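Asks: Give me a 3D structure for the following:
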Amino acid sequence: MTDSKYFTTTKKGEIFELKAELNSDKKEKKKEAVKKVIASMTVGKDVSALFPDVVNCMQTDNLELKKLVYLYLMNYAKSQPDMAIMAVNTFVKDCEDPNPLIRALAVRTMGCIRVDKITEYLCEPLRKCLKDEDPYVRKTAAVCVAKLHDINAQLVEDQGFLDTLKDLISDSNPMVVANAVAALSEIAESHPSSNLLDLNPQSINKLLTALNECTEWGQIFILDCLANYMPKDDREAQSICERVTPRLSHANSAVVLSAVKVLMKFMEMLSKDLDYYGTLLKKLAPPLVTLLSAEPELQYVALRNINLIVQKRPEILKHEMKVFFVKYNDPIYVKLEKLDIMIRLASQANIAQVLAELKEYATEVDVDFVRKAVRAIGRCAIKVEQSAERCVSTLLDLIQTKVNYVVQEAIVVIKDIFRKYPNKYESVIATLCENLDSLDEPEARAAMIWIVGEYAERIDNADELLESFLEGFHDESTQVQLQLLTAIVKLFLKKPTETQELVQQVLSLATQDSDNPDLRDRGYIYWRLLSTDPVAAKEVVLAEKPLISEETDLIEPTLLDELICYIGTLASVYHKPPSAFVEGSRGVVHKSLPPRTGSSESAESPEAAPSAGQAAEQPAVIPAQGDLLGDLLNLDLGPPVSGPPLAASSVQMGAVDLLGGGLDSLMGDESEGLRSDVGGSPAMGGGGGFAAPGPAVPAGMGAPLGSGLGDLFDLTGGVGTLSGSYVAPKSVWLPAMKAKGLEISGTFSRQVGSISMDLVLTNKALQVMSDFAIQFNRNSFGLAPAAPLQVHAPLAPNQSVEISLPLNTVGSVMKMDPLNNLQVAVKNNIDVFYFSTLYPLHILFVEDGKMERQMFLATWKDIPNENEAQFQLKDCSLSADAVSSKLQGSNIFTIAKRNVEGQDMLYQSLKLTNGIWVLAELRIQPSNPTLTLSLKCRAPEVSQHVFQAYDTILKN
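Replies: Numbers count the residues shown, from 1 in each chain. Reported below is the predicted structural model:
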């Protein structure tokens, strides 16, 4: 009779009937009743009402009945803690039972009852069982300590159970040793800081002795423990390896993988010249190969581990290529994994074999597998140079099959082959172009577009091909859109005359009609590059591409070393460290391989650090020497630049900077109100608005303002006088014919520390203009709008409006040529228009520019003589006092006045918004209308523009 009868439901009053049966005098009836209770419990019925009756059945000598009652107890103790205490006495009694099986059963059950109230009663019985004469009881008690530690760690430590556990590592019985190691490892994992498994050569020796005699799971615990040990030298590592090697021939694959883990770890410490090292490599191959004859699920786990091992030590399996050949009945997950390992093992010696296999796979029916096989052929070409020719012809044969997904994968990998071997296989491009219409997957389309863009000069109808993709631009995936944008820009740089319209079209699609920020950003960057500096654009977009490496999907070395320490666990299957998928902090100790013998880890000294430290200690008044931008940003503390810095052509640098972070300034915080309006406008300088200025020089992003600048608007210090700084008359900046009827004229002014751009907007078109917004490109002094451009009513035809736009100097900085060049974009409901204008430098002279006399003298001496520049101010017949007061109105302050041999000498200072000081000496001869101006400055590039400011102020 089977046990199924216990699962059949009885009539009404089931619980009542069971209660009666449990209290029956007949032992057989009692046993039947308990079995029925357990059956009900198993199918999910609540039989907790029978708790006292079932506990009464504990008083029995029948082992089978005892086991059943203990099973019931474990299940319901948590929901009935008060009742469970009734059973404690029986436990204590059972722990002293003459039968070791009952003693072990009692201690095992005690460990499973997770009720705090009961825990303290279990300490005494557990202590006795840990020292029991029967090894079966001791090994059960060892595991019980780990369970108890999980419930109440403090109690276990106070009761000294951990020390008893450590003593059990020296037990005479191998199974007790294995369980003690398992328990200590479990406890150590939840408390990584505690040094519980304090392994030393003596305890390692005991573990190795126990290893040969315990059960397979015991062996796994011991091997895992050995893997955490760090041998003191290579001799100890070798002796451990010799004693672990026999485990490689074990029937249980888990034991084999644990042994492989120990050997892989300790091999790090062995010198490659040792004979033993070679022997060990040979011994590791057969067990790994044997794992591949198991059932598919085990094969998969084995293959994932082998994948790691091959990346770490390919020499182990280099002669075993054939076992990784795919069988027709392998499940897909095994096939894909085998393919991966085949490529990792591919070498010149076996490439012919591998290619023959891969070509075979490419004609299979399983689509995923075929795709991976075609990719694999490409990877082989990249990995083994000698085979590239053969791989390419194989891929061309596959393209001729015209099977859609095969063609698409082939094109993706041929793109990589072009990257690896430039100017070698480009003859196949014509074949690829024939298949253009059949491509429907984003990756294949993107690859084909890349090929057309990269080799546009070899393809006669490149523009037509790219135009065909452009028709459905908005339906393409981002990957294709980005690639298309780049390809058309490449084409434009190679054939500018024929493709101007095409590039305009793609740039406006990318910047104005797209919601994707990546695409918009790239569009803006290209637009800016093409409009401001085509030479730089060429250097950036058509730069020499680095060759791609053989293995692009290798696991990063430090992660690989960590994963090798986790061979045989889930981490080795996921190829992720435990911290990536284990919740909480349990068991997430970062492991690493021991250092290789003979490798000295030299710590690189950060040599750049001291200079940064010195930078901080420079005096704050005068920015340190260096090129202009160093001064602008108060950062660069290099030696003085000899020769005029502007002459130095630095196209590459400029290009790097343009791509560095130009767009954050374009859409910077200062134009918050503009963001919604100008979201789609092309970047500064687009659409051919500017003639390309000279090469740009990079600037640091987000420049800190110069020392002592403070807030421009904070004039409470009393420094700001109501200065009548000279304002030039307005001039036309953007003529109506260039801006579809919008004429912009303007000038710059500085009043009480505030800079403003005074504009007149005139509508000379026939339609109403509205939705105005403005943006500045990055410029030498970080000028940017401090508020949106506010035109309150729509601008009717032939109407003008005057606006004063406040500016600040906290925008992004980039050195312009000329230095005071400002590039502006203005948007309205019709279009976006661009113009550039020169601002007078005196709008940047700040109100606190008067230097102390002593500081003036010290600074004048400190600035090298080669930084001094002399200028002649002609046709200026003003007295020294008139000159002084006129200049003071524009924040050029006279510090001292002397009369030397009949001529007046004025010593003056001024400070720019970015903290650059300029010192001046002005000689005035009473009868001579020509004044001599000597300027000294850390950034000599500024001097010419300061002279122009002097000239403008004194003559107006």
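Asks: so what's the closest residue to Thr290 other than its chain neighbours up against?
Replies: Using C-beta to C-beta, 6 or more residues apart in numbering and skipping the chain neighbours, the partner closest in space to Thr290 is Val256 (7.8 Å). Heads up, the C-betas are built off the backbone N, CA and C, glycines and all. Residues near Val256 by C-beta atoms under 8 Å, 6 or more residues apart in numbering: 247-248, 250, 287, 290-291.
Asks: May I see those residues arranged in a markdown table, with secondary structure, pLDDT and neighbour count as well?
Replies: A markdown table is the format used below for the contacts of Val256 (DSSP: H, G, I helix; E, B strand; the rest coil; pLDDT from 0 to 100; neighbours: other C-beta atoms under 10 Å):
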| residue | secondary structure | pLDDT | neighbour count |
| --- | --- | --- | --- |
| Arg247 | helix | 88 | 23 |
| Leu248 | helix | 89 | 19 |
| His250 | coil | 89 | 16 |
| Pro287 | helix | 91 | 20 |
| Thr290 | helix | 90 | 16 |
| Leu291 | helix | 88 | 20 |
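Asks: in stretch 218-238, what counts as buried?
Replies: Judged by neighbour count (16 or more other C-beta atoms under 10 Å), stretch 218-238 contains these buried residues: 218-227, 229, 231, 234, 236-238.
Asks: Do a quick rundown of the helices in the stretch 51-200 of the chain.
Replies: Using DSSP state H, counting those that start in this stretch, the helices of the stretch 51-200 of the chain run over 51-56, 63-76, 81-84, 88-94, 100-112, 116-119, 123-130, 135-151, 153-158, 161-168, 174-190.
Asks: Local confidence estimate at the residue nearest the centre of the chain?
Replies: The centroid of the chain falls nearest to Glu556 when counting by C-alpha atoms, centre = their mean (13.4 Å). Per-residue pLDDT puts Glu556 at 85.
Asks: ditto for Ser707
Replies: As predicted, Ser707 sits at a pLDDT of 33.
Asks: my guess is His250 contacts Ala259, does it?
Replies: Yes. Under the criterion of C-beta atoms under 8 Å, His250 makes contact with Ala259 at 7.4 Å.
Asks: Export the contacts of Val256 as JSON lines, with columns for distance to Arg138.
Replies: Converted to JSON lines, the contacts of Val256 look like this (distance: C-beta to C-beta, whole Å):
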{"residue": "Arg247", "distance to Arg138": "24"}
{"residue": "Leu248", "distance to Arg138": "30"}
{"residue": "His250", "distance to Arg138": "25"}
{"residue": "Pro287", "distance to Arg138": "32"}
{"residue": "Thr290", "distance to Arg138": "35"}
{"residue": "Leu291", "distance to Arg138": "34"}
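Asks: Nearest to Asp875, out of those: which one, please.
Replies: For the contacts of Val256, the minimum distance to Asp875 (C-beta to C-beta) is 96.2 Å, reached by Leu291.
Asks: Skip the chain neighbours and tell me the closest residue to Ser387.
Replies: In space, Ser387 is closest to Ile351, 4.4 Å off (C-beta to C-beta, 6+ apart).
Asks: just to revisit the earlier point, residues contacting the residue nearest to the centre of the chain?
Replies: Contact partners of Glu556, counting by C-beta under 8 Å, 6+ apart, are absent.
Asks: how does this structure divide up, domain by domain?
Replies: Split into domains by the TED database, the chain comes to 346-439, 441-532, 731-839, 844-955.
Asks: Next, format these as a markdown table and append distance to Ala580, mean pLDDT and mean neighbour count.
Replies: Shown next, in a markdown table, are these (distance: least, C-beta to C-beta, whole Å; pLDDT from 0 to 100; neighbours: other C-beta atoms under 10 Å):
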| stretch | distance to Ala580 | mean pLDDT | mean neighbour count |
| --- | --- | --- | --- |
| domain 346-439 | 25 | 85 | 18 |
| domain 441-532 | 26 | 87 | 19 |
| domain 731-839 | 38 | 90 | 19 |
| domain 844-955 | 47 | 89 | 18 |
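Asks: Including distance to Ala146, could those go into TSV?
Replies: Below are those laid out as TSV (distance: least, C-beta to C-beta, whole Å):
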stretch	distance to Ala146
domain 346-439	44
domain 441-532	50
domain 731-839	60
domain 844-955	66
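Asks: Let me see the ranges of the strands in this protein.
Replies: Counting by DSSP state E, one finds strands in the chain at the ranges 731-734, 742-751, 754-763, 773-776, 784-785, 800-808, 821-827, 832-838, 868-873, 893-900, 903-911, 917-924, 931-937.
Asks: Let me know the closest of the buried residues of stretch 218-238 to Asn152.
Replies: Nearest to Asn152 among these is Phe221, at 23.5 Å by C-beta to C-beta.
Asks: returning to what we had before: can you list the strands of the chain in JSON lines and add distance to Gly378?
Replies: Formatted as JSON lines, the strands of the chain follow (distance: least, C-beta to C-beta, whole Å):
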{"stretch": "strand 731-734", "distance to Gly378": "53"}
{"stretch": "strand 742-751", "distance to Gly378": "54"}
{"stretch": "strand 754-763", "distance to Gly378": "57"}
{"stretch": "strand 773-776", "distance to Gly378": "45"}
{"stretch": "strand 784-785", "distance to Gly378": "49"}
{"stretch": "strand 800-808", "distance to Gly378": "54"}
{"stretch": "strand 821-827", "distance to Gly378": "45"}
{"stretch": "strand 832-838", "distance to Gly378": "44"}
{"stretch": "strand 868-873", "distance to Gly378": "62"}
{"stretch": "strand 893-900", "distance to Gly378": "71"}
{"stretch": "strand 903-911", "distance to Gly378": "62"}
{"stretch": "strand 917-924", "distance to Gly378": "62"}
{"stretch": "strand 931-937", "distance to Gly378": "59"}
